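Enquirer: model the following, please.
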Amino acid sequence: MTIRITASRHTAFYSPLICTMAAGFLEKHGIQYTYGVLQPGETAAGTIRDGKTDVVQSAPSTNWAKMDKGETDFPMNFALINQRDGFFLYRREKSFAWRDLEGKTLLADHGSQPLTMLRYAIQYNGVDRAKIDVVNAGSPSEMAAAFRAGKGDFVHLQAPVAELMEYPSVSVGASTPPNAFSTLCASREFIASEPCRTFATAFSEAKEWVRKTSAEEIAAKEASYFPGIDRDALTWAVAQYKTIGAWDGGFEIPPDLYEQSLNVFESTGAVKQRHRYDAVCVPGIIR
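Expert: Reported below is the predicted structural model:
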């Protein structure tokens, strides 16, 4: 069988998914696969609805905006990848306190969930958001280049960013409570199928392997998936995510982490109502 896998973003933050492929877990279970990244203008729901892919790395929050509008045609989330925000604040000064952001310029990722989580982290850590000059400097690569060129006091990016390794950084995820940050989603029909259950078993094994394996070995396995990234930078990124517990927990999406994600979006006004867990997530895929 062949399963088509799509990522919303391609970074080491999603090592449990990448190692499902790179470390041979799909092959072990007799699954062939294709892997790609959403292109500009594409959405998880759209690619699944149009039959272009089977499984997408996404987040429960992706469904909430559609649900707020009364839409019902969206994929369901069935596995947890990360239980922490995967972004870092790179800074020019070695010392850091969250209040240091006040009166400074922050180049922030303006993706829906990253920006919402950042706003929550700022609020959660007692910072006055109105006192921060939050700038949209474009794509992650454009943000990194702008920061390197001297623009901004802080920049908000996922790892690895090899050209920023020399700068001190602080984890946004480690500064806020765990939540259902990123997940795997698919159509209801695919989730009910035997191929999905087999894929789910392979992913569960890969995630457990990533939790128990050294950053060096993980980076070695997935290095071919990051041809433009220096191995030291990739290893550093994996180590950081292991340190903050991004991949802790099992296969299932825990209801309490789902509710915490809702807390984040509700506190920033990014969601109009609290949507039921069972309207967004499907537990019990692995029997």
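Enquirer: pretty sure residue 203 sits against residue 23.
Expert: No: here residue 203 lies out of contact with residue 23, judged by C-beta atoms under 8 Å, at a distance of 11.2 Å. Where you see a C-beta, it was placed from the backbone N, CA and C, and this is true even at glycine.
Enquirer: who has more neighbours, these two?
Expert: Per other C-beta atoms under 10 Å, whichever of residue 203 and residue 23 has more neighbours is residue 203, with 27 against 23.
Enquirer: and the spatially closest residue to residue 128 that is not a sequence neighbour, backbone torsions?
Expert: Spatial nearest neighbour of residue 128, chain neighbours left out: residue 102 (5.9 Å); criterion: C-beta to C-beta, 6 or more residues apart in numbering. As for residue 102, its main-chain torsions (degrees, to the nearest 10) stand at phi -60, psi 130.
Enquirer: tell me, how many residues neighbour residue 102?
Expert: 14.
Enquirer: quick one, longest helix in this structure?
Expert: helix 194-212 (DSSP state H).
Enquirer: could I get the average pLDDT for stretch 169-187?
Expert: Average pLDDT, stretch 169-187: 96.
Enquirer: buried residues in that stretch?
Expert: 169-176, 178-187 (16 or more other C-beta atoms under 10 Å).
Enquirer: before we move on, what about stretch 278-287?
Expert: Quick answer for stretch 278-287 (16+ other C-beta under 10 Å): 280-282, 285.
Enquirer: of those, closest to residue 73?
Expert: Nearest to residue 73 among the buried residues of stretch 278-287, counting by C-beta to C-beta, is residue 280 at 13.5 Å.
Enquirer: what's near enough to touch that closest one?
Expert: By C-beta atoms under 8 Å, 6 or more residues apart in numbering, the contact set of residue 280 is 60, 63-64, 67, 76-77, 258.
Enquirer: now swap in residue 266 and tell me
Expert: By C-beta under 8 Å, 6+ apart, the contact set of residue 266 is residue 274.
Enquirer: quick check, pLDDT for it.
Expert: 94.
Enquirer: one more: residue 73?
Expert: 82.
Enquirer: could you dump the buried residues of stretch 278-287 to a markdown table with secondary structure, pLDDT and distance to residue 7?
Expert: As requested, the buried residues of stretch 278-287 are exported to a markdown table (DSSP: H, G, I helix; E, B strand; the rest coil; pLDDT from 0 to 100; distance: C-beta to C-beta, whole Å):
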| residue | secondary structure | pLDDT | distance to residue 7 |
| --- | --- | --- | --- |
| 280 | coil | 96 | 20 |
| 281 | strand | 96 | 19 |
| 282 | coil | 95 | 20 |
| 285 | coil | 88 | 19 |
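Enquirer: which of those residues sits closest to residue 262?
Expert: Nearest member of the buried residues of stretch 278-287 to residue 262, counting by C-beta to C-beta, is residue 280, at 9.6 Å.
Enquirer: residue 163 versus that closest one, what's the distance?
Expert: Here residue 280 is placed at a distance of 37 Å from residue 163 (C-beta to C-beta, to the nearest Å).
Enquirer: cool, and residue 144?
Expert: Distance from residue 144 to residue 163, by C-beta to C-beta: 6 Å.
Enquirer: again, but for residue 21
Expert: With C-beta to C-beta as the criterion, residue 21 and residue 163 are 27 Å apart.
Enquirer: who has more neighbours, those two?
Expert: Neighbours per residue (other C-beta under 10 Å) separate residue 21 from residue 163, with residue 21 holding more: 22 against 14.
Enquirer: which residues does that one contact?
Expert: Contact analysis of residue 21 by C-beta under 8 Å, 6+ apart lists 5, 33, 35, 225.
Enquirer: top of those residues by neighbour count?
Expert: For the contacts of residue 21, the largest neighbour count, defined by other C-beta under 10 Å, is 22 neighbours, found at residue 5.
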